[in-house]
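Just need the structure, nothing else, for what follows:
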Amino acid sequence: QVQLVESGGGLAQAGGSLRLSCAASGRTLRGYGMGWFRQAPGKEREFVATISSSGSMTYYADVVKGRFTISRDNAKNSVYLQMNTLKPEDTAVYYCAAALGSSTRQRRVEYDYWGQGTQVTVSS
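Residues are numbered from 1 along each chain as shown. Okay, here's the model as predicted:
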């Protein structure tokens with residue numbers, strides 16, 4: 001089992017930045033591709049970013065490309081999401097997820113473990 005705990009959410013102004021962290025316990029994340037998803041009120045959970053197990057490959061949703069950066073530190077068993085130039089439409093609960101295997105993944109169903117989420121609110 002892998003337990004994931006997100007942190008770093010909060011309130012930011014439009015144009016500002018936040019850095020989300022996802023700390024894992026139970027198993028090393030070295031064998032897992034990781035992803036960030038988000039869910040706004042009344043909407044389905046959507047893909048944000050993914051990173052391969054080695055960190056060598058990343059992929060982003062078009063709506064965050066160029067503003068968000070996913071990274072990982074396998075020595076610290078953690079994954080991060082740096083969010084810059086935030087927009088009110090980025091407001092959502094952000095979830096960290098782990099998928100066994102080395103690849104990047106965009107589909108929710110491909111992930112095996114999920115965190116509880118952290119709220120991000122961007123004011124205009």
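
Residue 109 in helix, strand or coil?
helix (DSSP: H, G, I helix; E, B strand; the rest coil).

For it, give its distance to residue 45.
11 Å (Cβ to Cβ, to the nearest Å). C-beta: built from backbone N, CA, C; applies to glycine.

and the two? which has more neighbours close in?
residue 45 (16 against 6; other Cβ atoms under 10 Å).

The more buried one - nearest residue in space that isn't next to it in sequence?
Using Cβ to Cβ, 6 or more residues apart in numbering and skipping the chain neighbours, the partner closest in space to residue 45 is residue 39 (4.2 Å).

got the contact list for the one you found?
By Cβ atoms under 8 Å, 6 or more residues apart in numbering, the residues touching residue 39 are 45, 46, 92, 93, 95, 117.

Which one of those residues is nearest to residue 15?
Here the nearest of those to residue 15, counting by Cβ to Cβ, is residue 92; it sits at 17.4 Å.

How about that closest one: which residues does it bridge to?
Residue 92 forms beta bridges with residue 120, as assigned by DSSP bridges.
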